[in-house]
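S.K.: sequence below, structure please.
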Amino acid sequence: MSHSDDTLNPDQHADVEALLQRRLNGEPIAHILGTREFFGLPLKVTPDTLIPRPDTETLVEQALVRIPQHAPYQVLDLGTGTGAIALAIAKHRPYAKVKAVDFSESALAIARENAQNLAIHNVVILHSHWFSALNNQHFDVIVSNPPYIAENDPHLSQGDVRFEPKSALTSGIDGLDDIRKIIHQAPQYLNANGWLLLEHGYDQAQAVAALLTQAHFKEIGHGLDLAGIQRVTFGRV
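M.R.: All right, here's what the predicted structure looks like:
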């Protein structure tokens with residue numbers, strides 16, 4: 001309140017009480033406000049999407065290093081959710097042609113709304129379960145923040161993740177099922193010398209690097225998140 005003598009009318013008071021109760025129940029602030037900033041972009045978020053995290057900005061930073069400023073690179077974001085990663089890349093690389101896919105129609109609606117609100121036009125958003133709708137298409141850079149939490153992880157009953165779609169969080173017994181699928185299929189969709197960059201859990205970097213090695217990727221390396229943890233692993237075909 002900007003003035004000490006301002007008072008809330010009964011309806012306003014009820015609204016504030018309802019918001020406070022939602023927060024006391026543990027609901028994420030991003031859901032209560034309906035928005036979250038990511039890489040300087042204000043994004044609409046809903047319970048149908050994963051809430052963009054600061055650590056995921058590491059994935060964007062690592063991708064931007066590999067996309068020349070003025071080159072018409074073909075870029076693919078797998079599992080786009082709110083569109084956060086795709087839109088951040090498209091905003092900072094306006095000559096790139098970015099494709100963003102997700103299997104959730106609800107998430108795609110949010111991603112399209114975010115693209116429209118931000119007036120970012122070098123992104124195509126479409127329905128696809130990983131590569132299923134991308135026959136014969138090839139990309140210079142593929143990025144993904146896939147589900148990577150083990151399905152029995154006790155943290156799933158704590159914090160913000162309780163309010164997020166489980167399909168965007170969990171991936172098999174060890175959390176790596178979707179990463180395995182992506183790594184196995186990605187070479188078919190990458191141009192020569194193309195890059196695959198994957199976000200993963202705090203303790204999964206070496207496992208992901210091993211999977212990339214088995215799939216004959218080269219120049220394998222890691223990107224560190226804000227806490228200095230290996231949060232992104234990448235490789236080149």
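S.K.: and the lengthiest strand in the chain, what does it pack onto?
M.R.: For the chain, the strand that runs over the most residues, judged by DSSP state E, is strand 190-199. Helices and strands touching strand 190-199, by 3 or more Cβ pairs under 8 Å, 6 or more residues apart in numbering; DSSP states H and E, are helix 57-65, strand 139-144, helix 177-185, strand 230-236. C-beta coordinates here come from the backbone N, C-alpha and C atoms, glycine included.
S.K.: so what's the residue nearest the centre of the chain scoring on pLDDT?
M.R.: The centre of the chain sits closest to Asn145, judged by Cα atoms, centre = their mean, with a distance of 4.7 Å. For Asn145, the pLDDT comes out at 98.
S.K.: what sits against it?
M.R.: Contacts for Asn145 (Cβ atoms under 8 Å, 6 or more residues apart in numbering) come out as 50, 56, 59, 79, 81, 85, 198-199.
S.K.: for Ser104, state which of those residues is nearest.
M.R.: Top of the list for closeness to Ser104, among these and by Cβ to Cβ, is Gly81 at 7.9 Å.
S.K.: show the contacting residues for the closest one.
M.R.: For Gly81, the contact set (Cβ under 8 Å, 6+ apart) comprises 49-50, 52, 102, 104, 107, 110-111, 145, 168.
S.K.: wait, which of those is closest to Asp177?
M.R.: Asp177 has its nearest neighbour among those in Ala168, at 13.6 Å by Cβ to Cβ.
S.K.: which residues touch the closest residue to that closest one other than its chain neighbours?
M.R.: Using Cβ to Cβ, 6 or more residues apart in numbering and skipping residues adjacent in sequence, the residue nearest Ala168 is Leu50, 4.3 Å away. Applying Cβ under 8 Å, 6+ apart, we find Leu50 in contact with 81-82, 145, 164-165, 168-169.
S.K.: next: Phe217.
M.R.: 183, 187, 196, 235-237.
S.K.: and the residues you listed, which two are furthest apart?
M.R.: Pairwise distances among those were taken by Cβ to Cβ; the largest, 12.7 Å, belongs to Ile183 and Arg236.
S.K.: anything in contact with each of those two?
M.R.: Common neighbours of Ile183 and Arg236, counting by Cβ under 8 Å, 6+ apart, are 196, 217.
S.K.: ok, these two, which is more surrounded?
M.R.: When neighbours are counted by other Cβ atoms under 10 Å, Ile183 comes out ahead of the other of Ile183 and Arg236, with 22 against 18.
S.K.: local confidence estimate at the more buried one?
M.R.: Reported pLDDT for Ile183: 99.
S.K.: what segments of this structure are helices?
M.R.: According to DSSP state H, the chain carries its helices in the segments 10-24, 29-33, 57-65, 84-92, 105-117, 177-185, 205-214.
S.K.: please identify the most buried of those helices.
M.R.: Ranked by mean neighbour count, these are led by helix 84-92 with a mean of 26 (mean count of other Cβ atoms under 10 Å).
S.K.: quick check: nearest residue in space to Leu211, chain neighbours excluded?
M.R.: Among residues not flanking Leu211 along the chain, Ile183 sits closest, at 4.9 Å (Cβ to Cβ, 6+ apart).
S.K.: the one you found: what's it in contact with?
M.R.: 196, 198, 208, 211-212, 215, 217.
S.K.: between those, which is nearest Thr35?
M.R.: Proximity to Thr35 was ranked across the contacts of Ile183 by Cβ to Cβ; first place goes to Leu198, at 26.6 Å.
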